[in-house]
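Chemist: sequence first, predicted coordinates after that:
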Amino acid sequence: MTMDGQMDGGELLGSLPIVMDVTQAVTWEVTSVDDDGVATVTVTVDEMSGTVNGMPVPDQASTTPPMEMQIAPDGRILSAGGMSFAGAGQTGGASFPGMGQMTPLLPDEPVEPGDTWTKDFSQEIPFGEGTIEYTSTSTLERYEDVDGVNAAVITTEFTVPMDFTIDFGELLASFGTDGMPTGADGLEDASIAYGGDGSFRQTAWVDPEAKEMLEVTASGSFDMTMAFSGLGIFEGEEIGFTGDFTQDVTRG
């Protein structure tokens with residue numbers, strides 16, 4: 001994943017560029033499938049490398065806890081556990097809520113090349129109030145050969161407005177007593193309110209016979225704000241974050 005962004009912290013923090021290039025090897029394991037076909041998937045980081053603003057990213061694979069996701073049969077990611085939004089906790093903390101839709105969105109009916117379909121859906125916020133709302137339009141562009149597989153090429157345009165709050169009390173409670181982060185005392189009443197929006201374009205290659213995702217590439221831009229409450233000197237402060245990103249997912 002790459003990101004080229006700018007953070008504006010006002011008079012308190014000033015302006016800071018964020019340039020990131022991170023590579024990960026992850027394992028996705030399906031742990032259960034419910035009666036509606038929704039799969040619970042555990043995502044574990046095996047390796048991580050890269051840079052943020054020219055500085056090496058520590059390989060936190062051994063200390064990054066597994067993340068649990070719920071994925072619908074049509075590819076919608078309904079929830080992504082933890083503060084990561086399927087991204088931030090596993091990329092050195094730099095991510096945008098909404099980037100967690102890493103799987104292609106499949107049609108509800110048979111389609112031919114050139115056909116389009118729309119899906120509007122929500123992704124749960126695990127610790128706080130609100131949801132991440134997706135509006136998407138997908139197109140079956142064509143079929144093409146990928147290592148001997150006649151793969152369906154699906155493009156999707158997303159818009160993702162944001163209006164939700166992260167509650168640190170709920171977040172910290174999820175760690176339990178033994179897993180409480182260092183320096184977390186006094187944050188039980190703190191929260192961050194997110195606003196803004198993002199727009200993304202995703203291209204996915206899917207094996208329709210094996211019903212497997214082969215590869216996904218995505219790019220987009222974002223413009224979001226984070227307003228702080230109950231965080232000492234950050235009380236009442238608002239930080240702006242704008243930028244562009246790319247993201248590639250390839251099966252190993």
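Modeler: The structure has been received and is ready for your questions.
Chemist: looking at the chain, which helix is longest?
Modeler: For the chain, the helix with the greatest residue count under DSSP state H is helix 168-173.
Chemist: give the other helices and strands that that helix contacts.
Modeler: On a contact count with 3 or more C-beta pairs under 8 Å, 6 or more residues apart in numbering; DSSP states H and E, helix 168-173 meets no helix or strand. For glycine as for every other residue, the C-beta is placed from the backbone atoms N, C-alpha and C.
Chemist: please save the CA atoms from stretch 102-109 in PDB.
Modeler: What follows is stretch 102-109, C-alpha atoms only, in PDB (Å, rounded to 0.1, in the frame of the first residue of the first chain):
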ATOM      1  CA  MET A 102     -10.600  -5.200   0.000                       C
ATOM      2  CA  THR A 103     -12.800  -7.800  -1.700                       C
ATOM      3  CA  PRO A 104     -14.700  -7.400  -5.000                       C
ATOM      4  CA  LEU A 105     -18.500  -6.800  -4.900                       C
ATOM      5  CA  LEU A 106     -20.200  -9.500  -6.800                       C
ATOM      6  CA  PRO A 107     -23.600  -9.200  -8.600                       C
ATOM      7  CA  ASP A 108     -26.800 -10.800  -7.300                       C
ATOM      8  CA  GLU A 109     -27.800 -12.100 -10.800                       C
END
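Chemist: ok, and what's touching that stretch?
Modeler: 71, 73-77, 86, 115, 117, 119, 136, 138, 140, 154, 156, 202, 204, 206, 213, 216, 218, 247, 249 (C-beta atoms under 8 Å, 6 or more residues apart in numbering).
Chemist: stretch 199-212: which residues count as buried?
Modeler: Across stretch 199-212, burial judged by 16 or more other C-beta atoms under 10 Å covers Phe200, Gln202, Thr203, Ala204, Trp205, Val206, Asp207.
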